[in-house]
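**Student:** Provide a 3D model corresponding to the input given below.
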Amino acid sequence: MTAWELGCGVSTMLPPFEGAGVGWPLLFLSEVFMVVVYSATRNYYKYLQTTIKSLFAHNEPKVYVLAEDDDAPFPNVINVSGMKPKSVNADTVFSYMSLLRVQLADIVPEDKVIYLDVDTVVCDDISPMWEVDMTGKWWGAVKEKQTWYRPFGNDYYNNGVSIYNLKQMREDGIVPYLTKEMMVKVHPFPDQDVMNKYCVPDKVVPLPTRFNESGCCGMTQNPAIVHYAGIPNWYGNPYIPRAEYLAKYL
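**Tutor:** Got it, this is the predicted structure:
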């Protein structure tokens, strides 16, 4: 039985996105090995279809998608179109979807999740990432290699690929503080800055670079997740670094 047949927790067969050639799986996993969350506005649905394909090629997760339509063609859709934050960081170059990452503990009914940006491709089994010990921590992420941006004086982490310990975040009552910071203070990299401010160094678990291979975090010999962060016109572009990983799922 394939990962597609095993399923990701959806209760009805959703129609495939145009051109996808496949519907989302119908059956439930007997045991949830990992939970993965994505988010996308309507104009990014096409890109999301591709990265979810790559995830299922190597893994058997349960998936949630924060989207703008109840009938968006993805598993376990949570329609967040009415949850646009009234934030000083809204309506910038960053989608309001990214601002909701600091509120995942209030949105997704799970204890722990992996979050992946839509401009990622999964190249391998990511269960070792899922199994990282998050005891007492809120966030797991890969440290950026750049040194020019250190707004809080500590190492700086990229949250395009993250683990969120939602249970711990709820127990510690941190979400209202993250949300307030997001609402009232301007940040160049809004949700990412907020997570770095509140989590580094004591509440973050550093992840190996192979789980977020990117221009921000560095290159590896055996990437588990390739992240095309900061690359203009990355989708379908054969001339970008690691284009061969993306090409498999177009």
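**Student:** what about the strands in the protein?
**Tutor:** 35-39, 62-67, 77-79, 113-116, 120-122, 139-143, 157-164, 204-206, 225-227 (DSSP state E).
**Student:** So what touches the third one?
**Tutor:** Strand 77-79 is touched from outside by 64, 65, 66, 67, 68, 69, 70, 71, 72, 107, 108, with contacts defined as C-beta atoms under 8 Å, 6 or more residues apart in numbering. In short, each C-beta sits where N, CA and C put it, glycine included.
**Student:** Distance of the second one relative to residue 195?
**Tutor:** The gap separating residue 65 from residue 195 is 21 Å, by C-beta to C-beta, to the nearest Å.
**Student:** More neighbours: the two, which one.
**Tutor:** Just comparing residue 65 and residue 195: by other C-beta atoms under 10 Å the higher neighbour count belongs to residue 195, 26 against 22.
**Student:** picking that back up, write a ChimeraX command that selects only the buried members of the contacts of strand 77-79.
**Tutor:** Burial among those is assessed by 16 or more other C-beta atoms under 10 Å; the matching ChimeraX selection reads:
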select :64,65,66,67,68,72,107,108
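**Student:** Export the contacts of strand 77-79 as TSV, with columns for distance to residue 187.
**Tutor:** Formatted as TSV, the entries for the contacts of strand 77-79 read as follows, by distance: C-beta to C-beta, whole Å:
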residue	distance to residue 187
64	25
65	25
66	20
67	25
68	24
69	29
70	31
71	34
72	28
107	20
108	23
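**Student:** closest to residue 91 among the contacts of strand 77-79?
**Tutor:** Closest approach to residue 91 among the contacts of strand 77-79 (C-beta to C-beta): residue 68, at 15.5 Å.
**Student:** re the thing from before, columns distance to residue 179 and mean pLDDT on top of the strands of the chain, output as TSV?
**Tutor:** Written out in TSV, the entries for those read as follows (distance: least, C-beta to C-beta, whole Å; pLDDT from 0 to 100):
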stretch	distance to residue 179	mean pLDDT
strand 35-39	16	98
strand 62-67	16	97
strand 77-79	17	97
strand 113-116	16	98
strand 120-122	25	98
strand 139-143	15	98
strand 157-164	14	98
strand 204-206	19	98
strand 225-227	25	98
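**Student:** for the ones you listed, which one sits closest to residue 217?
**Tutor:** Each of these was checked against residue 217 via C-beta to C-beta, and the shortest separation belongs to strand 139-143, namely 4.6 Å.
**Student:** In the protein, which helix is the longest?
**Tutor:** In the chain, ranked by residue count with DSSP state H as the criterion, the top helix is helix 45-58.
**Student:** so that helix versus strand 35-39, what angle?
**Tutor:** Per axes from the mean of the first three to the mean of the last three C-alpha atoms, to 10 degrees, the angle that helix 45-58 makes with strand 35-39 is 160 degrees.
**Student:** what's helix 45-58 packed up against?
**Tutor:** For helix 45-58, the elements it packs on are helix 3-6, strand 35-39, strand 62-67, strand 120-122, judged by 3 or more C-beta pairs under 8 Å, 6 or more residues apart in numbering; DSSP states H and E.
**Student:** Ranking helices and strands of the protein by mean pLDDT, which lands last?
**Tutor:** Ranked by mean pLDDT, DSSP states H and E, the helix or strand of the chain with the weakest confidence is helix 3-6, at a mean of 29.
**Student:** and stretch 103-117, C-alpha only, in CSV?
**Tutor:** Output for stretch 103-117, consisting of C-alpha atoms alone and laid out as CSV, is shown next (Å, rounded to 0.1, in the frame of the first residue of the first chain):
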residue,chain,number,x,y,z
GLN,A,103,-0.9,31.0,16.7
LEU,A,104,-0.7,27.4,15.5
ALA,A,105,-1.3,26.2,19.1
ASP,A,106,-4.7,27.9,18.9
ILE,A,107,-5.5,26.7,15.4
VAL,A,108,-4.3,23.1,15.0
PRO,A,109,-5.7,20.4,17.4
GLU,A,110,-2.4,18.5,17.8
ASP,A,111,0.4,18.4,20.4
LYS,A,112,3.3,18.7,18.0
VAL,A,113,3.6,19.6,14.3
ILE,A,114,6.2,20.1,11.6
TYR,A,115,5.5,23.2,9.6
LEU,A,116,6.8,23.5,6.0
ASP,A,117,6.7,26.5,3.7
